[in-house]
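Colleague: dropping a prediction and its sequence here:
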Amino acid sequence: MKILIVEDNGVNRVLLRDILALLDGVEIFEAADAENGIALARTKKPDLVLMDLQLPGLDGIAATRILKDAPETRKIPVVAVSSYAFPREKNAFFEAGGDAYYTKPLNVDEILEVVERYRGGGGARGTKGENPGR
């Protein structure tokens with residue numbers, strides 16, 4: 001399974017990478033900003049994107065919209081992993097086409113669970129952060 005982490009904070013990228021390393025058969029790609037994340041999604045075709053929302057330049061909501069609007073990346077699940085816990089940001093992320101939403105601080109079990117759900121292609125339905133419109 002290929003997973004793309006789009007996160008500008010190096011410590012958070014390392015934490016996510018370390019959590020994902022607990023899983024077998026995971027190939028991890030990383031981007032520190034939305035522009036590089038979009039480019040990696042287009043070239044690497046990950047099975048899942050873990051997207052921070054507060055990024056330098058283009059934010060994670062706009063990046064999610066770009067990915068979901070493009071035919072070559074629209075089916076890639078995008079999961080927000082953000083410090084924003086406000087309904088406005090959460091709703092904007094889902095309106096942009098996001099698939100699930102988790103707030104920081106990161107919960108190891110939740111991250112592992114969402115990855116395992118997407119690994120099987122079943123999506124994150126039933127998780128606390130699911131997109132209610134999907």
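Modeller: Yes, it's here. Residues are numbered from 1 along each chain as shown.

Colleague: contacts and neighbour counts: CA atoms only from here.
Modeller: OK.

Colleague: just want the most central residue of the chain.
Modeller: Against the mean C-alpha coordinate of the chain, by CA atoms, centre = their mean, the closest residue is residue 50 at 2.1 Å.

Colleague: any weak-confidence spans in the protein?
Modeller: Residue ranges of the chain with pLDDT under 70: 121-134.

Colleague: identify the residues contacting the residue nearest to the centre of the chain.
Modeller: Contacts for residue 50 were tallied using CA atoms under 8 Å, 6 or more residues apart in numbering; they are 3, 4, 5, 6, 78, 79, 80, 81.

Colleague: checking it next. Helix, strand or coil?
Modeller: Look at residue 50: counting by DSSP: H, G, I helix; E, B strand; the rest coil, its state is strand.

Colleague: any idea what it is bridged to?
Modeller: residue 5, residue 79 (DSSP bridges).

Colleague: which element is the residue in the chain sticking out farthest from the centre on?
Modeller: Here the chain reaches farthest from its C-alpha mean at residue 24, the gap being 18.9 Å by CA atoms, centre = their mean. Residue 24 belongs to no helix or strand when assigned by DSSP states H and E.

Colleague: please tell me how far it sits from residue 113.
Modeller: Here residue 24 is placed at a distance of 13 Å from residue 113 (CA to CA, to the nearest Å).

Colleague: next, count neighbours for residue 54.
Modeller: 19 (other CA atoms under 10 Å).

Colleague: phi, psi for it please.
Modeller: Backbone geometry at residue 54, expressed as degrees, to the nearest 10, gives phi -90, psi 100.

Colleague: contacts only, for the residue lying closest to it once chain neighbours are set aside.
Modeller: In this structure, residue 54 finds its nearest non-sequential neighbour in residue 60, 6.2 Å apart by CA to CA, 6 or more residues apart in numbering. When the contact criterion is CA under 8 Å, 6+ apart, the partners of residue 60 are 34, 51, 52, 53, 54.

Colleague: give me the contacts around stretch 6-16.
Modeller: By CA under 8 Å, 6+ apart, the surrounding residues in contact with stretch 6-16 are 5, 30-34, 37, 49-52, 55-56.

Colleague: lovely, talk soon.
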